[in-house]
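Enquirer: let me see the structure of the following:
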Amino acid sequence: MIIIPRWHMAKALLFLSLSLLALNCWSAPASDALTYWADNDERNNANIDHGEWQTVLSHNLVDQHPSGINRFDYGGISAADKQLLTSYLDHMQQLDPRAFNHSEQKAYWINLYNALTVNLIVTHYPVTSITKLGDSLFRFGPWDDKLVRINEQALSLNDIEHRILRPLFHDNRIHYAVNCASLGCPNLAKQAYTAEHLDRQLEQAAQDYVNHPRGVDVKNDVLWVSSIYTWYREDFGGNDKALIHHLVKYANAPLAERLARFQGKVKDHYDWALNQP
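Expert: Residues are numbered from 1 along each chain as shown. From the prediction side, this is the model:
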């Protein structure tokens, strides 16, 4: 019989309790602009090259999975594609996004966020969930870890999403574009985001998520929505009526009809399991 010292048991129970508390109480950071990144040059029509990121996506993303959720083959990525991913991230850090126009900036930050997230999982694979990562013992995920340095400014994933993308671009469709490597998240897009096709890509991302059960699902008198709509409630109108109005805009005809006449309760859910094949 193995005897576990009481202090070991106490530490284990404390860790489990804090982990469960973080999982159940997690909420998104507030949108708080980093004004350093607010400048742009609308006279600049130059394009940022996302070709290396596109190659990584083309070789490793499964976009025809039976679940309807795109999967990334973190375990099967080749050494060559790992090198491409590293090269892409190095190149992005050498640019000053403020020198580009608004649309180029928006695509830049979205692609950078997604590539950083994929790189995190690839680096630590095998891992069952991104929530298992992070520099702090009791931290829920790696979102506050400083992962890149641009213009001598150290940035985390939370900085990119909540201090640049959300407050500086004011587009709730961004939530359908940034990917957290989880089954509950909107799809990691097969095509890298580009300024030229950005609006169409964001519209498609919104439609794909709203019309999948992990995004929106009406069951009897309960409207089940992704927790994204709860975490970022203010970005979708601040109340259930405004949220439903947003969802109807992207829902297919049968779902839109059910949403339009819905009078029940709204509840949320989310799956943090890794979006691997």
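
Enquirer: quick one: the strands in the stretch 1-150 of the chain, in order.
Expert: 61-62, 71-72, 146-150 (DSSP state E, counting those that start in this stretch).

Enquirer: paired strands for the first one, with orientation please.
Expert: Which is strand 61-62. strand 71-72 (antiparallel) (DSSP bridges).

Enquirer: how about low-confidence regions in the stretch 151-277 of the chain?
Expert: Counting by pLDDT under 70, the stretch 151-277 of the chain shows no low-confidence range.

Enquirer: can you give me the strands in it?
Expert: Taking DSSP E, counting those that start in this stretch, the strands of the stretch 151-277 of the chain run over residues 153-156, 216-219, 222-226, 265-269.

Enquirer: pick the most buried one from the ones you listed.
Expert: Of all those, strand 222-226 has the most neighbours on average by mean count of other Cβ atoms under 10 Å, namely a mean of 20. C-betas here are computed from N, CA, C, even on glycine.

Enquirer: give the contact list for the residue nearest to Ala242 when sequence neighbours are not counted.
Expert: Leaving aside its chain neighbours, Ala242 sits nearest to Phe236 (6.3 Å; criterion: Cβ to Cβ, 6 or more residues apart in numbering). Contacts for Phe236 (Cβ atoms under 8 Å, 6 or more residues apart in numbering) come out as 172, 229, 242-243, 246.

Enquirer: can you give me the neighbour number for the residue nearest to Gln207 when sequence neighbours are not counted?
Expert: The shortest distance from Gln207 to any non-neighbouring residue, by Cβ to Cβ, 6+ apart, is to Tyr250 (4.9 Å). Counted with other Cβ atoms under 10 Å, residues neighbouring Tyr250 total 21.

Enquirer: cool, and Asp32?
Expert: For Asp32, using other Cβ under 10 Å, the count is 11.
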